[in-house]
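Participant: what shape does this take:
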Amino acid sequence: MPNVINIQHISKSYEMGDQTVHALEDVSLRIDRGEYLAIMGPSGSGKSTLMNMLGCLDTPTSGLYQFNDANVSSMTDDDLARIRNKEIGFVFQTFNLLARSNTLHNVELPLIYAGIRKEERYRRALEALTHVGLEQRIHHKPNELSGGQRQRVAIARALVTKPSIILADEPTGNLDTKTGDEIMQLFGELHKEGHTIILVTHEEYIAEHAHRIIRLRDGRVEKDEVVIKQVKK
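Facilitator: This is a model prediction of the structure:
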């Protein structure tokens with residue numbers, strides 16, 4: 001499997017007043033196309049900073065980050081925006097939906113930014129909503145949907161650009177256990193279809209849905225482990 005992400009010895013520091021905070025220190029990581037990966041760690045471990053790096057929302061202070069063999073550190077802001085819009089589908093804990101827009105328009109947004117014509121936007125948004133089982137809710141606004149349905153809209157929005165990676169930040173954090181399990185089942189189905197999924201979570205039982213877990217502590221990779229799946233009899 002080819003690498004979609006290759007991180008070598010990256011560090012990230014922030015200046016806070018007269019102090020330097022080292023959020024990440026000497027992190028190296030390869031993620032293959034088609035992997036299902038979870039990133040775990042306590043508060044302050046660096047997992048949010050690493051997620052921002054992986055999603056091209058931030059760049060490292062030092063080290064190498066290659067996305068599809070291209071050096072992210074040498075990219076312009078326009079290059080980074082193009083990767084975020086076309087190559088990475090983001091799913092957030094708080095859904096990040098436009099309250100006054102219906103389901104269809106929320107899913108169309110990345111395509112609007114990409115300059116896709118109206119008819120094609122509609123077709124692709126409807127296809128993505130059908131994929132997550134919400135084709136009957138295209139005219140509903142977020143406040144007319146359950147929490148699980150809102151997260152499915154967010155997943156459809158992440159899928160609509162046919163990205164290289166789906167990057168999910170605490171995707172079940174605002175959901176009850178049953179609804180969270182349904183969302184994780186959907187991620188499992190997307191992985192089986194060939195999507196690369198990176199999940200950021202502090203919940204052990206959520207991370208165990210993935211096939212590989214990266215554990216961070218104090219800005220460093222503490223453990224990189226393969227999840228052994230139990231075969232159901």
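
Participant: for the spatially most central residue of the chain, list each beta-bridge partner.
Facilitator: Taking Cα atoms, centre = their mean, the centroid of the chain lies closest to L167, which sits 0.9 Å from it. With DSSP bridges as the criterion, L167 is bridged to F90, I198.

Participant: which helices and strands sit right next to the biggest helix by length in the chain?
Facilitator: Longest helix in the chain, counting residues (DSSP state H): helix 177-192. Counting contacts by 3 or more Cβ pairs under 8 Å, 6 or more residues apart in numbering; DSSP states H and E, helix 177-192 is packed against strand 36-40, helix 147-159, strand 165-169, strand 196-200. C-betas here are computed from N, CA, C, even on glycine.

Participant: swap in 6 Å and give it another go.
Facilitator: helix 147-159 (3 or more Cβ pairs under 6 Å, 6 or more residues apart in numbering; DSSP states H and E).

Participant: which parts of the helix it packs on are buried?
Facilitator: Neighbour counts over helix 147-159 (16 or more other Cβ atoms under 10 Å) mark 147-159 as buried.

Participant: can I get the residues you listed in TSV including pLDDT?
Facilitator: Listed next are the buried residues of helix 147-159 as TSV, based on pLDDT from 0 to 100:
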residue	pLDDT
G147	92
G148	92
Q149	94
R150	93
Q151	92
R152	93
V153	94
A154	94
I155	94
A156	94
R157	94
A158	93
L159	93
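
Participant: what's the most distant pair in the residues you listed?
Facilitator: Greatest spacing in these, by Cβ to Cβ: G147 and L159 (18.9 Å).

Participant: give me the neighbour count for S74.
Facilitator: For S74, the neighbour count with other Cβ atoms under 10 Å is 8.

Participant: before we move on, what about V21?
Facilitator: By the criterion of other Cβ under 10 Å, V21 has 13 neighbours.

Participant: just I7 next, same as before
Facilitator: When neighbours are counted by other Cβ under 10 Å, I7 registers 23.

Participant: ok so, going back, now render the buried residues of helix 147-159 as TSV, adding distance to N96.
Facilitator: Listed next are the buried residues of helix 147-159 as TSV, based on distance: Cβ to Cβ, whole Å:
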residue	distance to N96
G147	13
G148	16
Q149	15
R150	10
Q151	11
R152	14
V153	10
A154	7
I155	12
A156	13
R157	9
A158	11
L159	15
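
Participant: and the nearest residue to L199 once chain neighbours are set aside, what are its bridge partners?
Facilitator: With sequence-adjacent residues excluded and distances taken as Cβ to Cβ, 6 or more residues apart in numbering, L199 is closest to A38, at 4.5 Å. Taking DSSP bridges as the rule, A38 bridges to L199, I213.
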